[in-house]
Every structure is written in C-alpha cells, then in structure tokens.
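prediction below, plus the sequence it came from.
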Amino acid sequence: MNTDPAMTSKSTTLSSLNSIPTISAAVSSSGLLGSVASDNDMRDGEISLNTIEIVQRKFKDNEKVLSIFEAYQIIGQEHRSRLLALVVSVAGGTYAVFSLATARLPPRNVNDLSIDKIFALNETFQIGSDKKGSISQLQFDLKTADEAAVKYFYYPIISAEGASDFETFHAQIISAKFSMTHSTAATESILSYSWLNDYRQIGEVKQELKRRENEYIVFKDFIVYCGTWNVNNKPYSDSPLHLWLSNGEQPADIYAIALQELDTSAKAITFSENRPDPMWISKMLSSLHKDGEYEELTSVRLVGMMLTIIIRKQLRPYIARCRVKTVARGVFNTLGNKGGVAVSIQLNEGNLCFVNSHLAAHMAFVEARNEDYAGIVRGLVFDDDLKRTINDHDHIFWIGDLNYRIEEPPGLQLPCNRASPNAYDVLMKYDQLRIEMGKGNCFDGYSEGRIKFRPTYKYDVGTDNFDSSEKQRAPAYCDRVLWKGVRIEQLAYNSIMEIRQSDHKPVYAIFRVKIKTKDEKRYKRIHEEVLKLVDKRENENQPQISVDKTVLDFGVVRFNELSVCDFTVSNNCPMPVEFMFKVKDPPLNDICEKWLQVEPRAETLMTDSTKRVRVKLLADVRSITGLLKKIRTTNWKFDFDILILHVKNGPDMFLTVTGEYKPSCFGLSVETLCRTNQPLNTYTQAQVKDLMNDDSPEFRVTMPREFFFLIDYLHKQGNKVEGAFETLEYKHARSLQFNVIRDWLDTWSSEEFPGTPQAAAEALLMLLDLPEKPLLDPFVEDLLQTNTAAEAMELISLLSSPRRNVFVHLCMFLRQGIERQYYNLQHVASVFGRILLRSTAHAGRDFYRETRCRDFMHRFISSDIGGTLSTGIADSSGISGVGGGANGGSSNGGGGGDGSNTARINAIN
Amino acid sequence: MSSAPYNYNYIFKYIIIGDMGVGKSCLLHQFTEKKFMANCPHTIGVEFGTRIIEVDDKKIKLQIWDTAGQERFRAVTRSYYRGAAGALMVYDITRRSTYNHLSSWLTDTRNLTNPNTVIFLIGNKSDLESTREVTYEEAKEFADENGLMFLEASAMSGQNVEEAFLETARKIYQNIQEGRLDLNASESGVQHRPSQPGRTSLTNEAPNTKDQCSC
Ligand SMILES: Nc1nc2c(ncn2[C@@H]2O[C@H](COP(=O)(O)OP(=O)(O)OP(=O)(O)O)[C@@H](O)[C@H]2O)c(=O)[nH]1
Ligand SMILES: [Mg+2]
C-alpha cells in the first residue's frame, strides 16, 4: 500500500483534473485484493444487486426484463457464457430475447454485460433444436428472420441469482409470443419492434469503427524498461538501484520492475503478504532515469514477488485500463512463495501485460517450472470487461526469477567477467529454459534477446564470485526477461554486476514498442463518417412501399349508390413491410370518413409481393349529412377523404379519395332547396356548395318542391298508406329501386311517382332527417320548453320562411291523415318529433327527450286543436305554395319575398 | 472504446413545412445526404430522415419529418406538428406567394406545437438571385417581428443548409440547458437517452478524459 503522502496528494490533484481515480486508491483497492483468495471479494460502495436487476439496468425504464437464463455458446474451442434475457417493451407491446455476453458469471454490474444478439419475438422467431423443432438435452437454437440461428448450450444447474431453469424460460418465451400474437394489437398489426433498433445500432457503429481501425490507428513508439531482481530478503536501503534502473539513452516511458524474495519469512508466506512495499517503491522511484518524471501506476505483490509499474507522468491520461492479478503456485499451489503477479494495462489502444513470476527452484525441477508457467497462464485472468488472459494482450513481458538452470556439462568452463559475447552463446546451449522452449514445453511464442552477460546466480553476497559455499550451486541464468507480441524491439538486455546485495544480480531489458494509438483527428473524422454511414443505412433501410395510384378517383358519386375503387400496394424493398392506415385525430378517431370503407386496414407484405386494397364509397343515410357538411365547409377543392397509409418505421403516404358528388335533394337544408331554380340533377357539386353557403333571405320558392311532390303524392293515396311513418328505419333506401325515387325528385319528374306510398313516406322522412340541422333549428330546445301549441307558434313564426312553411304544411297534412285515420297519431308524433326536434348536441337516444318531442308534435297534429295552426300562420306570414299545379316542375318560385303571397296552405285540403 | 447505451444522447424531432415546391424535400436530402435532388417529386405524405449531429459534445439524433406542401393535404399534415422540437418553415425566395403564405403556416405552427418549439424560417433557393421576388430584408423583418430564427439557404448549392438545421438544434439544446423544455413531456419533441449508471458514455461530460482506470 502506498503511504507516501506526497504521492497521494499528487495523484489527487491529477485525478481532480482528469476525473481519474487516484493511483493510491487504485492500489489500495486492487493491490489488497491481489491475493490468493481475491477473486470473490466484495467491492466497497457497490450495492449488491441480483443478476436480473443488473440485467434490467441494461434497458430503459419501460422495457422490463421478465426472465433470464444462463447459457453458453461454443465458439471455436471456447465456451463463452451468455445470459439470455426475455425483455418486453411496454410501449411497443413486443418482446425480444437478448443474448448478453457476460464478462463474468454472475455479473457484478451492468458493465459486465454487452449485447451480443437480439432475437425479436416476431412471427419468424423460433426456438428449437432438431428438425422437428423440439428441444434436445441441454442445447437449443434461437433464430429469427434477421438473426441467423445461434446454438446455445446450458448446464443443468443455475448459478446466477434469479435466473430461470430452461423449462421455465422456454415456457415464458412461448407464452410471451402467444400472448403477443393473439393480442388485439397484433390483429391490428400495430406491434412495434422499433425499440430494438436502439440496441442494434450500437453494434453497428462499434463494428464499423473496428473494421476501419487501420484508417485511424497509428503506431507510436514507447520505451518499456523491464527489470527483475531476486533480492534475497535484503533490505532496500543497501542497494544502488540507479545502476540497475537508469540505463538507456532515453528515459523509458514505462517501467516494469519485478522483485522476488522480498520477504520469504514463514509469516509472510502464511499470511500471503500482499501489501506492496512502499519503501522499495519509493527507492525505485528515486533511482530511475534522470530525464523522466515518473509516478507509480500500480504495484502488485504476492509474498516475495512484487511487480511495480511506473510510468512517465504525462502518460497518465492515456492509460485507459489497469488491472492486477496474482496466482499462487507455492505449496499445494496455494501458498504464495512461488507463482506470479501480473499487471494488465491499456495504453492508448494497445494492451500490455507484465508478468513477474518466481518459478520452482532447484536444478532438477524443470518440469515443475514448466508446470508453474502453465499454471500461471491458466490462472491469470484479469477482472476486466473481457476477462483478459495473458494471451489477450498485444504486448506481453514476462520477467522474473524463472529459476531455469544450466545443465552442467562436464568440463565446461564458465566464461569470465569480461569474456566475449560469443562465450555466453555456448552456455545457452545448456540453458534449461532455452532447451524447454525449444521442445515447446514452456513459454510458447516468447522471445528472448541474446544473453551477453554472466549467469546472474549464484553469487557470494557482496562479491562477484559464484557461490563458494558448501552447496557450490552451479551458476545459472535464473533471472530473465522474455517477451511475446507484435512490434517489440529489444534495445538492451543486461545484468548489473555492481549490485552485490543479493545472491542474484539484477537484470534489465529495454524495448521499443510500437503501440496502437488513435490519431484523434482521424478518429473523429472516421467516427463521424461511421455515424453518417449508420444514418444513411438507417435512411436507406427505411421500409418502403409503393402504390399504383395516390389519387383514388371515384368519378361521379351519387347519393345512396355504392362505388368501389381498388389500388395496389407493393413491397419492393428487401424486407417485409407492415403497412396500416393511420387512425386520424379526434373527432374522427378512425382511419377514414364514415362514407368510406377500407379493406384491409393493415397487412404485412413480404418482399416483392402486392396487396389489393379496396375502398368503397357510399354516401347514404348514415353518411350523407357529414359528407355534405364537409363539402360545405371545405375551403379547398373537396376531397372525399385523405387516407394515411402508414408504413411501420417508414414514411406515411397520403391517398386522396376524390370524385364529383352529384347533388341530390337528400341531405340539403330546406333553405338550400328553396334556392334552386332547376332540378338538383342539373347542379354541380360546386354550385350546390355555393347554394349551401348562401345565407341571403332570398328564396326562389316558399317551400321546396320536393316536399310538395311527396306530400301531394301521399295525399292522393288516401288510405293506401299502411305502415307509413311508423319507424325511422329507412328500409326502402336499401333497395336500388329507391334511387329511382331519388331521380324522380332530383329531376322534378312529371312522371308517375315510381314507388309505393310507403317509400314516398320514407323519402319524406329522409328529406327532413338528413340535413345537418333539424327542421325546427335553431329553436329546438326552446320549443321543447313550450307547453301549448300557441306558445310554440310564436317561436315557429321566427323560423326561416322555408322551415316555417314546411313545418306548417307538414302538420296540416299529417293532421288530416290522422283525422282520417290513415296514420297512427302516436307513431307520427313520435317519428316526426324525433326528426324535427333532433338534438344536434348528442347522438345517442334519450328517451325522456323523445317523450317531450313526441308531446310537442302531438300538440300540432292531433285534431282537437285544429284552429291554432292556420290562425297562427295566417297572421304572421304568407305561405306561398309551389302553386297548386302538381308536378309542374317549372312552376314559378313566386316572388320569394315573405308576406307578399297569400296563404295557400289549404291547397292541399 | 466504452459503449454508450445509445449512439446519441438526445433525439430531437423536427418538421419541415411550407408551400409546395419550395424545396423542403431537397433541403432534407441535402442535409442528410449532402446531395441535391434536381427532379424531386412532390411529397405525397410525410417522409422522414435522420442524422446524428454533435452539439456541445453531445450526440443528437435529429428525426426530421418532411411534409407535403400541397394545400389539399394541409388538414392532414397538421397532425404531424405535435411533439416537434423544431419547425423549419420554408418559403421560396423566387415565388412571392410562398412568402405571403407564411403567416398561415406560422399560425398553424404556433397553434399545434408547444411554446418552446424552435421555429426557423428558411428562404430557400438563394442561388436563384436573378429571379428573386422576396428581399432578404423584408423576410428578416418578418422573422424578427415574429421571433423566428432566419437564414436564406440553397438546397442546390448547400449554402446555409447545415447551418439552419444545426442552429435549430443548438437553440433547442440551449432551451434544455436553461430548463425551458420539460424532457418528460411527450410534446417537447425531445427524448433524452441518458447513459446508464456506472457507465462511461461515448460522449463524456469532460471530453478529454480517458476511460476510468479501474485498477
Ligand atoms: N435552384 C434551386 N432549386 C431548388 C432548390 N431547392 C429545391 N429546388 C427545386 O424546387 C423543386 C421543388 O423542390 P422540392 O424539394 O420537391 O419541394 P417541396 O417543398 O418538397 O415540395 P412538396 O413536396 O410538393 O411540398 C424541385 O424541382 C427542386 O429541384 C434550390 O435551393 N435551388
Ligand atoms: Mg417534398
């Protein structure tokens, strides 16, 4: 642990500048944990979440992780663990299975998880293994149309907290899929998977950046200085370390300093001493190359082994990652007197690994050393995002007391101190490390520089003399520096004879390493380009459809006649496309106006397929009111409607439904009808629109001819009117024959009425019922407040003259029919009450109101109050009939002015 | 590289409105593809394009809705205004009528968007100087009177196109910073994509820091 107050304060300043945790903090957390039992230690400050909660953090608030399942994939030789998560988007109403790569199992935080694959639970989703789609033992496939099949395996036991067993997980997926495809949303094809795009895109940018790495990666030279020394339990203060650590022409950028036998006391071994020795470290720091400014990055210790990484200060911001790890290979492979300690760092874009190891001793234990090596390689897994092993680094430096000896060839003369370099080459032939490496038994792929120095072991302390003790240990190159990886060049490799405190001589090696570095400018540019590409792809991959027409022209549209227009939607983009007609804003709340019917309203189209959509237009009793209102109020050229054809995740297309409405008397107000001077079939839509909007008090006739014709006809039928005015059902309108009546009215025909009295009665009701406003508008509500006919007449007299005239005329006619018992008083009062006093406010039926309407009508058509009507009218206004001449269409409109004509209401009597 | 949960921190919704033929689709195309579409068919519906931009080191995804300008679609396109954080209102400097209609477009925009929606007026086709019918000065005055941002631009040459879209984003971003936009309201037209807890985002708060050293 670093206790140097100067160090601490320095790193604090640095960290506050760069928001990097202090180095001492870094040391104290992982340095302490770098012990044998370090792996499962708690992290302070981290709330412990169970696995499903951690997975949930990967997603947005309205996306819920329903279930997780532990699986693994086999990639090459490796097992890669995966967490499968079933996730629902509350907003989209859709589900997906995410395959998450896990840095460790169980994951400790959300950073341990990265999204690897996404399987939308759409109709193409499949889970199964053999061809029959059933699940075989401990393995299964997941697959969708856009994600090729992936095989997952699983163990029969569950380790992550909150994870499901396979049967449960499988059942949940199946039921999620089922509930989704059977929901109302699905039947309307509005399921949206677009939320998944957020997760898919990340992958794309990353992949694309990786793919273009060569465009922004440059290699920058860094000097790496590796030193190793077995200090033989000697205190630091004795050693002139600068002799060992300040070599080289230029100051090193990174120092990796490895010590062994720092403290081999039984106590240290038993308690796995793992606190870096601050005294040694500060001694090192003061002994480095004079031209560099240095700071400790991290140190890691296991009993006698300590590895200290020191960097030039200015490099600190470029260290992106730094992890330590220890592996014990001592007695029972648990005690730390032998083994390895290691540091993994990321400098710029390069990953470097430094290992300090102390392998098994003694001449004969070659195999044990090989095994130690293998054990360290196996055991060294750094706790980072990828769970890097030693071999997952670009540049690896393995330094330490590897303890390989020189096989003693009989009669071999050890070269003297000042021997020529070649002399050592002879020795290397007997070097166990070189021999074992040659056989492929250890350090596979590692290189070592040429040794041009004397064996570093074993000396009499304080001298340069080899062991003169009883044991007479053979000299050996125990202390070595090896490397593996790309772009490493060794600049120096030597031992320091002048340091005599230990029975080992220190060794150092200097390297020039070309480290992957982002050229920030180029990176920024390429990142932008990649984003642009992703944008472009997103823009281009928008689902697209085409339609064979955007204008659906219905030609001449007539009242009560069905017309049909088809169009074709095609999908010529490379993915399935869902289209649907968009529901429009209130008050419509539907995809189209009442006079239209669209079939189908939504559909999924596979690539290169087409669908015919049929639009039906019917302006009938249900819809004519709205249609005419729209014609009247649209200030642009009238379109019957505009349908919004929506492509899921794509554009909207507007389809204009158009045509020319051929006017008819049905649905027009009595005022409008009184403004006509020709039969309605001679008018155009535009002319009728003008008539509808004309609000002058000038009328061509006092009462619409169409009313007169019908009333006159019915009047003449005498008692042959069985069933007339009994209901508001409009059954005759449903037959084609009715349109002959329509034409008879719209042409002011002088032919015989082409239908039955019942049909004529229905037509009369329709004439009154279909206009936007009821006949007694605007006094409907006021009239309902009146209690006598006389009282009501005062208001009636204020109606526009056509309304007043129609009302009076109608009442006279009805009263007479009732008197003669052609019609049923109750029915007539009820039916006409509902029509003439129709509420414009609410649509539903209101029986109390209907009763009042009926009572109101009752007063006007029951015979006992006969006098009121004619009196009231005669007083206030003249009724200019359309002339007694029955169907003489051309009959005059009279002078139009109110009061100038005499009441001819009796004409029908 | 650390992984942000999204490629961007915000999504802003824009609409482009204005009379038919003023060059709305061309402006969008120029902005997203850096190309001019000479024979652009009339838009019959609503199309959209996206682009990720950077404002203040924040990545912002613009989701731009290009509407049909034809009068007959006016009622339908009104339903697309809702939830727009930015509205680009375009006229054609060579056709006076398109300028005269601005007040009606502005009325729609004001009625159908929220009070913080940034409205940017673009006088398009600035490359056609010889047939200009609307002067820069009068349009500028109109913009100032109504509190609109304003630029003349050309979808053909690309002049000021980038600027108009980016200025709008900057203004929206500024509104967010100043707390004028409620990010939780769906009508704000802005969606925030916060990076997840304990995670370094692609665009860090302090731009120069490397990832944390977690040793
Ligand atoms: N010279 C010139 N022509 C332009 C410019 N922008 C657009 N145009 C042309 O103007 C015409 C209309 O452009 P669009 O982008 O389709 O217009 P729009 O506003 O989308 O029209 P609608 O979709 O009908 O609402 C096209 O022929 C373009 O080539 C410009 O900046 N300069
Ligand atoms: Mg367009």
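It's in. Ligands and ions are numbered 1, 2, ... in the order given.

for stretch A:218-228, buried residues please.
A:220, A:222-228 (16 or more other C-beta atoms under 10 Å in any protein chain shown). C-beta here means a position set from N, CA and C on the backbone, and glycine is covered the same way.

model confidence over that stretch, on average?
What stretch A:218-228 shows for mean pLDDT is 96.

now swap in stretch A:446-456 and tell me
Rounded mean pLDDT across stretch A:446-456 is 94.

and if you look at stretch A:553-572?
On average, stretch A:553-572 scores 94.

ok, stretch A:430-437 next?
94.

buried set for it?
Within stretch A:430-437, judged by 16+ other C-beta under 10 Å, the buried ones are A:431-437.

ok, longest helix in the chain?
I went with chain A, as the question did not name one. helix A:520-540 (DSSP state H).

ah, no, chain B please
helix B:161-177.

list the buried residues of whichever helix or strand comes after that one.
Next helix or strand after helix B:161-177 toward the C-terminus (DSSP states H and E): strand B:190-192. Going by neighbour count (16+ other C-beta under 10 Å), the buried part of strand B:190-192 is B:190-191.

contacts for strand B:190-192, please.
For strand B:190-192, the surrounding residues in contact (C-beta atoms under 8 Å, 6 or more residues apart in numbering or on different chains) are B:9-13, B:85, B:172, B:176, B:181, B:183.

quick one: mean pLDDT for that strand?
Mean predicted lDDT for strand B:190-192 stands at 78.

distance between it and the chain's centre?
Centroid displacement of strand B:190-192 relative to its chain, using C-alpha atoms, centre = their mean, to the nearest Å, is 15 Å.

need the strands for chain B, in chain order.
B:10-17, B:45-55, B:58-67, B:86-92, B:118-124, B:149-152, B:190-192 (DSSP state E).

select, out of those, the one closest to ligand 2.
For the strands of chain B, distance to ligand 2 was read as C-beta to the ion. The smallest value, 5.8 Å, belongs to strand B:58-67.

does any bit of that closest one sit next to ligand 2?
No: using C-beta under 5 Å from the ion, strand B:58-67 never reaches ligand 2; the gap is at least 5.8 Å.

can you list the strands that that strand pairs with?
Strand B:58-67 pairs in its sheet with strand B:10-17 (parallel), strand B:45-55 (antiparallel), by DSSP bridges.

between those, which gets nearest to residue A:772?
When the strands paired with strand B:58-67 are compared by C-beta to C-beta, strand B:45-55 sits nearest residue A:772, at 31.2 Å.

between helix B:161-177 and that closest one, find me the angle.
Counting by axes from the mean of the first three to the mean of the last three C-alpha atoms, to 10 degrees, strand B:45-55 lies at 70 degrees to helix B:161-177.

could you export strand B:45-55 as PDB, CA atoms only?
Provided in PDB are the C-alpha atoms of strand B:45-55 (Å, rounded to 0.1, in the frame of the first residue of the first chain):
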ATOM      1  CA  GLY B  45     -47.400  12.200 -47.500                       C
ATOM      2  CA  VAL B  46     -44.800  12.500 -44.800                       C
ATOM      3  CA  GLU B  47     -41.300  11.200 -45.100                       C
ATOM      4  CA  PHE B  48     -38.500  11.300 -42.600                       C
ATOM      5  CA  GLY B  49     -34.800  11.300 -42.500                       C
ATOM      6  CA  THR B  50     -32.400  11.100 -39.600                       C
ATOM      7  CA  ARG B  51     -28.900  12.300 -38.900                       C
ATOM      8  CA  ILE B  52     -26.800  12.300 -35.800                       C
ATOM      9  CA  ILE B  53     -25.100  15.600 -35.100                       C
ATOM     10  CA  GLU B  54     -23.000  16.900 -32.400                       C
ATOM     11  CA  VAL B  55     -23.800  19.900 -30.200                       C
END
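
now it: how far from the chain's centre is it?
8 Å.

ok, the worst-scoring helix or strand of chain B on mean pLDDT: who's next to it in the sheet?
Taking mean pLDDT, DSSP states H and E as the measure, chain B has strand B:190-192 as its least confident helix or strand, at a mean of 78. Here strand B:190-192 has these sheet partners by DSSP bridges: strand B:10-17 (antiparallel).

then the partner strand to CSV, C-alphas only?
Coordinates of the C-alpha atoms in strand B:10-17 are reproduced here as CSV (Å, rounded to 0.1, in the frame of the first residue of the first chain):
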residue,chain,number,x,y,z
TYR,B,10,-30.9,13.1,-27.4
ILE,B,11,-33.5,12.7,-30.1
PHE,B,12,-35.0,15.9,-31.5
LYS,B,13,-38.0,15.8,-33.7
TYR,B,14,-38.2,18.4,-36.5
ILE,B,15,-40.9,19.1,-39.0
ILE,B,16,-40.3,20.9,-42.3
ILE,B,17,-43.3,22.9,-43.5
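
for chain B, what lies in contact range of ligand 1?
Neighbours of ligand 1 within chain B, by C-beta under 6 Å from any ligand atom: B:20-26, B:38, B:40, B:42-43, B:68-70, B:124-125, B:127-128, B:154-156.

neighbours around residue B:41, how many?
By other C-beta atoms under 10 Å in any protein chain shown, 7 other residues sit near residue B:41.

just the buried ones among the contacts of strand B:190-192, please.
So, by 16+ other C-beta under 10 Å, the buried ones in these are B:9-13, B:85, B:172, B:176, B:181.

which residues of chain B lie near ligand 2?
B:24-25, B:43.

6 Å instead?
B:24-25, B:42-43, B:66 (C-beta under 6 Å from the ion).

also near chain A: which of the residues of chain B next to ligand 1, exactly?
residue B:68 (C-beta under 8 Å from any C-beta of the partner chain).

in ChimeraX, select just the buried ones from the residues of chain B next to ligand 1.
To isolate the buried members of these in ChimeraX, using 16+ other C-beta under 10 Å:
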select /B:21,22,23,24,25,26,43,68,69,70,124,125,127,154,155,156
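
just the residues of chain B next to ligand 1: which are in helices?
Those of these lying in helices (DSSP H): B:24-26.

would you turn those into JSON lines with distance to residue A:260 and pLDDT?
Below are those laid out as JSON lines (distance: C-beta to C-beta, whole Å; pLDDT from 0 to 100):
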{"residue": "B:24", "distance to residue A:260": "74", "pLDDT": "98"}
{"residue": "B:25", "distance to residue A:260": "73", "pLDDT": "97"}
{"residue": "B:26", "distance to residue A:260": "73", "pLDDT": "97"}
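
I'd like the average pLDDT over the one helix or strand residue A:611 maps to.
Per DSSP H and E, residue A:611 falls inside strand A:609-618. Averaging pLDDT along strand A:609-618 yields 95.

residues from the stretch 601-750 of chain A in reach of chain B?
So the stretch 601-750 of chain A meets chain B at A:636-637, A:639, A:642, A:644-645, A:651-654, A:656 (C-beta under 8 Å from any C-beta).

rerun that using 6 Å as the cut-off
Within reach of chain B by C-beta under 6 Å from any C-beta of the partner chain, the stretch 601-750 of chain A has these residues: A:636, A:639, A:642, A:651-654.

mind picking the two most distant members of those?
Farthest pair in those, by C-beta to C-beta: A:636 and A:651, 22.9 Å.

those two: which has the busier surroundings?
residue A:651 (20 against 11).

distance-wise, check the more buried one relative to ligand 1.
Noted for residue A:651: a distance of 12 Å to ligand 1, by C-beta to the nearest ligand atom, to the nearest Å.

what do you get for residue B:85?
Taking C-beta to the nearest ligand atom, one finds residue B:85 at 21 Å from ligand 1.

go ahead and confirm that residue touches residue B:172.
Yes: look at residue B:85 against residue B:172 with C-beta atoms under 6 Å: they come within range, at 5.0 Å.

common neighbours of the two, please.
Shared contacts of residue B:85 and residue B:172 (C-beta atoms under 6 Å, 6 or more residues apart in numbering or on different chains): residue B:12.

mind saving the C-alpha coords of the strand holding residue A:611 as CSV?
This file holds the C-alpha atoms of strand A:609-618, laid out as CSV (Å, rounded to 0.1, in the frame of the first residue of the first chain):
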residue,chain,number,x,y,z
SER,A,609,-45.5,-9.1,-53.1
THR,A,610,-48.5,-6.9,-53.6
LYS,A,611,-51.9,-6.5,-52.0
ARG,A,612,-55.0,-5.0,-53.4
VAL,A,613,-56.8,-2.6,-51.2
ARG,A,614,-60.4,-1.9,-51.8
VAL,A,615,-62.0,1.3,-50.9
LYS,A,616,-65.8,1.6,-51.0
LEU,A,617,-67.7,4.8,-51.0
LEU,A,618,-71.3,5.0,-50.1
